[in-house]
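**Q** Here is the input, now give the coordinates:
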Amino acid sequence: MKNVLICASALGTMLVSAQKKDTIKSNDIEEVVVNGRYYQKYKLNEVSGSLRVQTPILELPQNVQSVSSQVLADQITLNMSEGIVRNVSGARKVEHWDNVYSNVFMRGAGIATFMNGMNVSSTWGPINPDASIIDRIEFVKGPAGFMGSMGDPAGFYNVVTKKPTGKFANSVRFTTGSYNLFRGEADLDGVLVKDGILDYRINLMGSSNNSWVENDKTSKIIVAPSITFRPTKTTTFTAQYNYQYLKFNQPGAYLMSNDGYASLNVHTNFNDPNFKKTEVKDQSLFLSLDQELSKDWVWSTQYAYMDLNYDGGSWWGTFDPANKNVLNRTLSNWQAKGKNHIFQTYVRGKLNTGNIVHKIIAGFDYGDRKYIADFSSFAGGPFPIDIYNVNYGVDPTKLPSSDFYTLNTSAPFYNDQGVKYTSYYAQEQIEMFDNKLRLTLAGRYTSGKTYSAYPNLSPGTPIVPDTAGEFTPRVGISYSINKDFSAYGIYDKTFVPQSGTGIHQTLITDPFRGQNIEFGLKKDWFGGRWNTTFAVYEIRRQNILVSGNANENNGVAFQVATGEQRARGFETDIKGEIIKGLNIIINYAYTDAKTVKDTDPAKIGIQSPGNAKNVQNTWVNYRFEHGLMKGFGISAGYQYQGGRQSWYGVSATKDQSLPDYFDTNFGVSYVAKKFDVNFMLNNVLNRKLYSGYRGDGGEYAWIYNAPRNWRVSIGYKF
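**A** Residues are numbered from 1 along each chain as shown. As a prediction, this is how the structure comes out:
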């Protein structure tokens, strides 16, 4: 915590110093926002259209934090796994297979992934969203009945991809850095037919990089064309196609030891160069149609298709009972396919009754997400290594043949899982007293099913999905204390189908249920150049399946749906241009997430998996706009996480607490009219940063973050 105070003091000194040099009158703010050459757009006033609501963020009874593509560029962030969460209070990435997907936690649980307003969450997916196709990322905290109700009440993040802007705006970018990072991007945005009839955009990216660990290389290619067609002034059709190809040596560079976390060199790798590499092909198609029905009403329809294919393998290890330094690695197949079909249609608009304005949303959602995989273990091996003296080069003749790496639906560890739902919803926001008071009343009925099974382990036994149908209400209120200061409150609910075997072999069908009660304040400062958000909340996760007392069931184990977890905390975010040229992001979250009901008294009070009680982030960027230093910029920031808990689960038999986490960054940059260059030094203090867990056998497992490293990004607009 001492380091946090030192950095906060230093950054505060920078802020005060910059303020003395540069001040601005509030009535000039809007002009700076629109026309300032070096203005960085950190603060966004509206949510994207994909979130459906027609309310400015300031007036919305929900804590929504948006991260713009400008922030990603300033931080030289390349994908979702690289610290995007630092820009949002309480959000944090929890390690696992970081080369593949992002495991983001917030408010005491993992959150769902949305893309362009559609839930695209899947097992080990979707692939990490890449910055080259991201326009913004919206973190929606707590349940949001206007988007969905089947999921955890912690919330979700929504990746909004780049689309045609209707202007000629082309750019190229080259990034290089530590570990042989080479990355090229092109963003081609233009007009095919004038007057907004037909616009296009093409985003291209190719990258290759090694890692701070040995025998680890990742290559990636992205092709993402999109068009917007307006056959009439009231009709807009947009089509987007994203193709991503990813090849890597291993999904996550886990290390293991019996001697404690971080007891091995940061460059150590247990993956052998002769082990199979993994290739991932991800294709997605997004289609949207907006039809203006009248001046105040629009009918929108969206469809998404996603096709995900994995061709690879993975290793895992257990320690030799006779030698605690010898890890016996075993190999597994990893052939998987995922297919998503998602459909939405809704109307939104407004009408007046006297002096009262009614903003209405009503629609229908459908989703069908499937995932199949073959996780079969290789019968050969194991492949032992001394963790303190790793020798590479496993004999290729002892490794699986190419025939092993196929998706065999008859294999014992063939896995079949999916989610399917239909949902109807309606929401009305009632604006009264010249929009000083806003009351939101909404309801959603969702009928859904989920399933996950290894059918070949129990031949002849059909896969029985968990099913449930629930009505979830939503009530919100927002009051404008003045034009740039509002208070809000919200109550919303979610659910997830589940099943279990109860006493006397009865079937438990009560779904998991979640609810959120939240109150907050939002304030825009100096004409909207920067804003603050403060929220206090309580989330309850109820009907969690826990073990019953076997003595009450003739010694036979059974379950009861009486477990409960509670997440209670507060969050604050400060974001925007404090003074001319000085942009900041400062946030803090306190999250007390723990088990409050369980049949096992020993589990009461255990912190929820993946949680961190204290998360504080700061990012400061100052750009000189006058004199000899005109165009030059300086950046600095840090991330602090305290009271961390691993993701391993409340049933773990070993302590899952992790030490505090403190990362630092420093950068310098230069921006001209068409040219920019940005240098960033990450992990400035060169600390051993990691996250992990402790297994029930007492072993420690963890993944290191990169040691001190640098990046340079050069861009040109034409």
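
**Q** What residues does the closest residue in space to residue 576 that isn't next to it in sequence make contact with?
**A** Nearest residue to residue 576, sequence neighbours excluded (CB to CB, 6 or more residues apart in numbering): residue 530, at 2.6 Å. For the C-beta atoms, the positions are set from N, CA and C on the backbone; glycine is no exception. By CB atoms under 8 Å, 6 or more residues apart in numbering, the contact set of residue 530 is 42, 43, 524, 574, 575, 576, 577, 578, 584.

**Q** So which of these are in strands?
**A** 524, 574, 575, 576, 577, 578, 584 (DSSP state E).

**Q** Adding neighbour count, write those out as TSV.
**A** Formatted as TSV, these follow (neighbours: other CB atoms under 10 Å):
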residue	neighbour count
524	21
574	20
575	26
576	22
577	26
578	21
584	21
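
**Q** Max pairwise distance over the residues you listed: which two?
**A** Using CB to CB, the pair of the ones in strands among the contacts of residue 530 lying farthest apart is 524 and 584, separated by 14.8 Å.

**Q** can you map out the strands along the stretch 201-350 of the chain?
**A** Secondary structure of the stretch 201-350 of the chain, counting by DSSP state E, counting those that start in this stretch: strands at 217-232, 235-248, 255-257, 278-292, 297-320, 323-353.

**Q** which strands and helices sit next to whatever helix or strand comes next after the last one?
**A** Taking DSSP states H and E as the definition, the helix or strand that follows strand 323-353 towards the C-terminus is strand 356-374. With contacts taken as 3 or more CB pairs under 8 Å, 6 or more residues apart in numbering; DSSP states H and E, strand 356-374 sits against strand 118-119, strand 323-353, strand 414-432.

**Q** what mean pLDDT does the shortest one have?
**A** Spelled out, that is strand 118-119. What strand 118-119 shows for mean pLDDT is 94.

**Q** Moving C-terminal from it, which element do we reach first?
**A** strand 134-141.

**Q** Give me the sheet partners of that following strand and which way each runs.
**A** strand 64-68 (antiparallel), strand 155-161 (antiparallel) (DSSP bridges).

**Q** Pick the most buried one from these.
**A** Scoring these by mean neighbour count under mean count of other CB atoms under 10 Å gives strand 155-161 as the most buried, with a mean of 24.

**Q** so what strands line up beside the following helix or strand past it?
**A** Sequence-wise, the next helix or strand downstream of strand 155-161 (DSSP H and E) is strand 171-177. Applying DSSP bridges, strand 171-177 is found paired with strand 181-193 (antiparallel), strand 709-717 (antiparallel).

**Q** Report the buried residues of strand 171-177.
**A** 173, 175, 177 (16 or more other CB atoms under 10 Å).

**Q** show me what contacts the second one?
**A** Spelled out, that is residue 175. 76, 78, 181, 182, 183, 184, 185, 207, 711, 712, 713, 714.

**Q** quick one: the third one and residue 607, what's the gap?
**A** Distance from residue 181 to residue 607, counting by CB to CB, to the nearest Å: 36 Å.

**Q** So for stretch 572-587, mean pLDDT?
**A** 96.

**Q** Actually, stretch 86-104.
**A** pLDDT averaged over stretch 86-104 gives 86.

**Q** same thing with stretch 284-303?
**A** Computed over stretch 284-303, the mean pLDDT rounds to 97.

**Q** And stretch 165-182, by the same measure?
**A** Rounded mean pLDDT across stretch 165-182 is 97.

**Q** now swap in stretch 382-397 and tell me
**A** 95.

**Q** buried ones in it?
**A** 382, 383, 385, 387, 390, 394.

**Q** which of those residues lies closest to residue 668?
**A** residue 390 (37.7 Å).

**Q** among the contacts of residue 175, which ones are buried?
**A** Applying 16+ other CB under 10 Å to these flags 76, 78, 181, 183, 185, 207, 711, 712, 713 as buried.

**Q** Touching, the first one and residue 710? I think so.
**A** No. In this structure residue 76 lies outside contact range of residue 710 using CB atoms under 8 Å: 9.6 Å.

**Q** follow-up on the earlier one: of the strands paired with strand 171-177, give the one that comes closest to residue 468.
**A** Using CB to CB, the nearest of the strands paired with strand 171-177 to residue 468 is strand 181-193, at 43.5 Å.

**Q** Walk me through which strands the strand or helix carrying residue 472 pairs with, and which way each runs.
**A** Under the criterion of DSSP H and E, residue 472 resides in strand 466-482. Sheet pairing here is set by DSSP bridges, and for strand 466-482 it gives strand 437-453 (antiparallel), strand 485-496 (antiparallel).

**Q** Quick check: mean pLDDT of it?
**A** In the prediction, strand 466-482 has an average pLDDT of 96.

**Q** again with stretch 423-433
**A** 97.

**Q** Export that stretch to PDB, keeping only CA atoms.
**A** What follows is stretch 423-433, C-alpha atoms only, in PDB (Å, rounded to 0.1, in the frame of the first residue of the first chain):
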ATOM      1  CA  SER A 423     -36.900 -14.000 -23.900                       C
ATOM      2  CA  TYR A 424     -39.500 -11.200 -24.100                       C
ATOM      3  CA  TYR A 425     -39.100  -7.900 -22.400                       C
ATOM      4  CA  ALA A 426     -40.600  -4.400 -22.100                       C
ATOM      5  CA  GLN A 427     -39.300  -1.300 -20.400                       C
ATOM      6  CA  GLU A 428     -40.700   2.100 -19.900                       C
ATOM      7  CA  GLN A 429     -38.800   5.100 -18.600                       C
ATOM      8  CA  ILE A 430     -41.100   7.800 -17.400                       C
ATOM      9  CA  GLU A 431     -39.600  11.300 -17.500                       C
ATOM     10  CA  MET A 432     -41.400  13.800 -15.200                       C
ATOM     11  CA  PHE A 433     -40.900  17.500 -14.100                       C
END
